[in-house]
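*Asks:* sequence first, then the predicted structure, then my questions.
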Amino acid sequence: MVLQRERRDDPMHRSALVQDVVEIAHADLVSHIRAQVAKYGDTRAYTYLREAGRDLVEDIVTFSDLDRDARAIAVWLAEREDAGRPVLLLYVDAIEFLRAFLGCLYAGVVAVPAPLPHDESSRQRSAGLFDDADIRLVLTTAEHRPQLTDWMLSGGFADRVAVVATDAEPLGDPDAWRQPPLTGDSVAFLQYTSGSTSAPKGVVVTHANLLHNEAAIAAALGTGDDTRLVGWLPHFHDMGLIGMLLQVIYSGANLAFMSPITFLKRPVRWLEAIDRYRADITVAPNFAYELVARRVSDADLARLDLSSLRVALNGAEPIRAHTLDAVIERLGSAGFRPDAFVTAYGMAEVTLLATASRPGHRPSYYDVDPAALERNELAPAGAHGSTRLVGCGFPADVDVRIVAPDTGVVLPDDAVGEIWLRGDSVAAGYLGRPGESRDRFAARTATGDGPFLRTGDLGALHGGELIVTGRLKDLLIVNGRNIYPQDIEAAVRQLHPALDDAPGVVLTVDAGREHIVVIQGVRRSALAGTTPTELVAQIKRTVARTFEVPAPNVVLLDRRGVHRTTSGKVQRRSMHAAFLNNDLDALLHEDIDPAVQRLRRTP
């Protein structure tokens, strides 16, 4: 079977993406970094773009600078008893974070990157890490130490958790540093999952995991010592830390980057940096590309030159064909090439990257029959309409299987099942969760093949390429049909400008039958005279007609009322609980079936 697709190259003539990955011995990442420092020293650098009013000023830190500071922090950590347990890193400034993170690596100390808590929800998340990872030491900067110390006192943590500012304390002598005994099995850091569908869990990432995945990323994107990378990703998430910060020193590249807040204030700054530093690689999630396609002005485009960009990686969240098309159309006049997009799939449990499309080729679009998709099959679009899916590329030196989640049977091409992964990038498991680690990281097929990582994601293979269709736990079953919530969410966002830049979530509740609930954020400034009642009616009508289901229940919130993770993903489980508990914030309007309303807690 050949699916209907819109693409410029034939997938059957593509070889696996990573055939030439250099096999990594079970060495440690510190030895590799030190070799890169010795080779490149002051000729490679991280250029941090700080805000100074409306301007950005450069803070340049060379590989040699980082190495010296990391050795100083490592010597200091080696003398602290509380560094014998995982150490929590709470930084806003990515350069200060990178110094501390490398210092932990150099000391053989397990680092725990996390966002600086700024509200009650993030404070609760950070407090959970203290118990989960047995944190006794927090590293931060002098600017933020007072607020963290106050929080420790109010939360009852001050008697067991020390807060130290690495930019203010007298640290160790870098020349006194001696590399600790490290192997590939040594734990490098704990990467906590985002918590979009469950409580955050600490993924145990080893030195061997990092070395293997960094090699896979370098092979997939073609990074090397002549690469110029530009980005803005958060340093406390795997894509920013592994795909941006560590990939640079791993490959001997140069990086110019800014904070996520700097980017969000004025998204065009990202494009300006690509132009200014003649970047050939950038990485970001789908929403960021969507944002620049909408926000960049004609005047901005007239002064931008994006022709240097060879790779624009899109990953970390569902990739939308209309987003790729919008960027190609909008930025084309500034030199953005259609074949610059690289689509990718990965997760913290596989360190970062699992699959990626090939640079220099336009991403694959697959037009499939939505009725067949409900039956867990990929079939060419026909009389039942069309659903467009985006291919996520080919395995990056991992073994990818599509497996029936209930039976463990490995499925053939074009059958939708759970995505299972095996390879040296797969992490060691979850910290302190042996049962969950066995279930997720030690799965075996019906024939006993394994161990595999169960991703919890649904997808299919077609011609060797992975096509991700959704999350196993998120799948909606309505009148016996399998419906992907992200398809409804995408259809709702396209109905009005007040919805297209706002988060939303689609759920089901059982009130004698499955009822669909659409909870959608609204940008009130973009309503332009449309009332919430009119929006609700439009949503109900469109969802019912498009997906051939009973009209959904609809709740409209101010966009800030939709719960999101630190990486911007909607927290489905939290929103489901808030709906049933009648505890939704910033409510604008709702239209709820009486049967569903009876399930909700009385306010």
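*Replies:* Done, it's in.
*Asks:* how about residue 488, phi and psi?
*Replies:* Dihedral angles of residue 488 (phi, psi; degrees, to the nearest 10) stand at phi -70, psi -40.
*Asks:* phi, psi for the nearest residue to it once chain neighbours are set aside please.
*Replies:* Nearest non-adjacent residue to residue 488, counting by CB to CB, 6 or more residues apart in numbering: residue 506, 4.6 Å away. Bear in mind the C-beta positions are built from the backbone N, C-alpha and C, glycine included. Phi and psi for residue 506, reported as degrees, to the nearest 10, are phi -120, psi 130.
*Asks:* how deep is residue 506 tucked in, by neighbour count?
*Replies:* 26 (other CB atoms under 10 Å).
*Asks:* what of residue 274?
*Replies:* Residue 274 has 28 neighbours, counted by other CB under 10 Å.
*Asks:* and what of residue 93?
*Replies:* Using other CB under 10 Å, residue 93 is surrounded by 19 other residues.
*Asks:* swap in residue 81?
*Replies:* 8.
*Asks:* what separates it from residue 87, distance-wise?
*Replies:* Distance check for residue 81 against residue 87: by CB to CB, to the nearest Å, it reads 12 Å.
*Asks:* try residue 370
*Replies:* Counting by CB to CB, the gap from residue 370 to residue 87 is 49 Å.
*Asks:* between the two, who's got more neighbours?
*Replies:* Set residue 370 next to residue 87 and count neighbours by other CB under 10 Å: residue 87 wins out with 27 against 20.
*Asks:* for the spatially closest residue to that one that is not a sequence neighbour, list each beta-bridge partner.
*Replies:* Nearest residue to residue 87, sequence neighbours excluded (CB to CB, 6+ apart): residue 137, at 4.8 Å. Under DSSP bridges, the beta-bridge partners of residue 137 are residue 87, residue 162.
*Asks:* now the residue nearest to the spatial centre of the chain, nearest residue through space, not along the chain?
*Replies:* By CA atoms, centre = their mean, the chain has its centre lying nearest to residue 316, at 3.4 Å. The shortest distance from residue 316 to any non-neighbouring residue, by CB to CB, 6+ apart, is to residue 285 (4.2 Å).
*Asks:* likewise for residue 242?
*Replies:* Residue nearest to residue 242 in three dimensions, not counting chain neighbours: residue 352, with 4.3 Å by CB to CB, 6+ apart.
*Asks:* surely that neighbour touches residue 240?
*Replies:* No - using CB atoms under 8 Å, residue 352 makes no contact with residue 240, being 9.9 Å away.
*Asks:* higher neighbour count, those two?
*Replies:* With neighbours defined as other CB under 10 Å, residue 352 and residue 240 compare such that residue 352 has more, 30 against 25.
*Asks:* residues in contact with the residue nearest to residue 488?
*Replies:* By CB atoms under 8 Å, 6 or more residues apart in numbering, the contact set of residue 506 is 476, 485-486, 488-489, 492, 516-519, 552.
*Asks:* ok, those residues vs residue 55, which is closest?
*Replies:* residue 489 (37.6 Å; CB to CB).
*Asks:* three-state assignment of the closest one?
*Replies:* Reduced to three states with DSSP: H, G, I helix; E, B strand; the rest coil, the structure at residue 489 is helix.
*Asks:* quick revisit: the residue nearest to the centre of the chain belongs to a helix?
*Replies:* No - assigned with three-state DSSP, residue 316 falls outside any helix and is coil.
*Asks:* how near is residue 231 to residue 163?
*Replies:* Distance, residue 231 to residue 163, by CB to CB: 29 Å.
*Asks:* correct me, but residue 210 touches residue 245?
*Replies:* No - between residue 210 and residue 245 no contact is recorded; they are 11.8 Å apart, counting by CB under 8 Å.
*Asks:* those two: which is more packed in?
*Replies:* Remark: of residue 210 and residue 245, residue 210 carries more neighbours, 26 against 23, as counted by other CB under 10 Å.
*Asks:* got the contact list for that one?
*Replies:* 29, 188, 242, 246, 351.
*Asks:* how near is the residue nearest to residue 242 to residue 427?
*Replies:* Distance from residue 352 to residue 427, by CB to CB: 10 Å.
*Asks:* buried stuff in the helix or strand encompassing residue 554?
*Replies:* Applying DSSP states H and E as the criterion places residue 554 in strand 553-558. Going by neighbour count (16 or more other CB atoms under 10 Å), the buried part of strand 553-558 is 553-557.
*Asks:* partners of it in the sheet?
*Replies:* Counting by DSSP bridges, the strands paired with strand 553-558 are strand 514-522 (parallel), strand 587-591 (antiparallel).
*Asks:* what's the following helix or strand after that strand?
*Replies:* Going down the chain from strand 553-558, the next helix or strand is helix 572-580, by DSSP H and E.
*Asks:* centre of the chain to that next one, how far?
*Replies:* On the basis of CA atoms, centre = their mean, to the nearest Å, helix 572-580 sits 22 Å off its chain's mean C-alpha point.
*Asks:* against which helices or strands is that helix packed?
*Replies:* strand 504-510, strand 514-522 (3 or more CB pairs under 8 Å, 6 or more residues apart in numbering; DSSP states H and E).
*Asks:* let me see the mean pLDDT of it.
*Replies:* The pLDDT scores in helix 572-580 average 82.
*Asks:* got a list of contacts for it?
*Replies:* Contact with helix 572-580 is made by 196-198, 474, 505, 507, 509, 517, 519, 555, 562-563, 583-585, 599-601, as judged by CB under 8 Å, 6+ apart.
*Asks:* wait, residue 444 touches residue 409, no?
*Replies:* No - with contact defined as CB under 8 Å, residue 444 does not count as touching residue 409 (11.7 Å).
*Asks:* can you map out the strands along the stretch 351-500 of the chain?
*Replies:* Taking DSSP state E, counting those that start in this stretch to define them, one finds strands in the stretch 351-500 of the chain at 353-356, 365-368, 387-390, 394-395, 399-403, 417-422, 453-462, 465-471, 476-478, 481-483.
*Asks:* any idea which of those strands is most buried?
*Replies:* Ranked by mean neighbour count, these are led by strand 353-356 with a mean of 30 (mean count of other CB atoms under 10 Å).
*Asks:* and it, what does it pack onto?
*Replies:* helix 207-221, strand 341-346, strand 394-395, strand 465-471.
*Asks:* I'd like the mean pLDDT over the helix or strand residue 302 falls within, please.
*Replies:* Following DSSP H and E, one finds residue 302 within helix 298-303. Average pLDDT, helix 298-303: 94.
*Asks:* same check on stretch 246-260?
*Replies:* Mean pLDDT, computed over stretch 246-260, is 96.
*Asks:* show me what contacts residue 558?
*Replies:* Residues near residue 558 by CB under 8 Å, 6+ apart: 521-522, 524, 585-586, 588.
*Asks:* same check on residue 410?
*Replies:* Applying CB under 8 Å, 6+ apart, we find residue 410 in contact with 401-403, 445-447, 449.
*Asks:* please consider this matter closed, and thank you.
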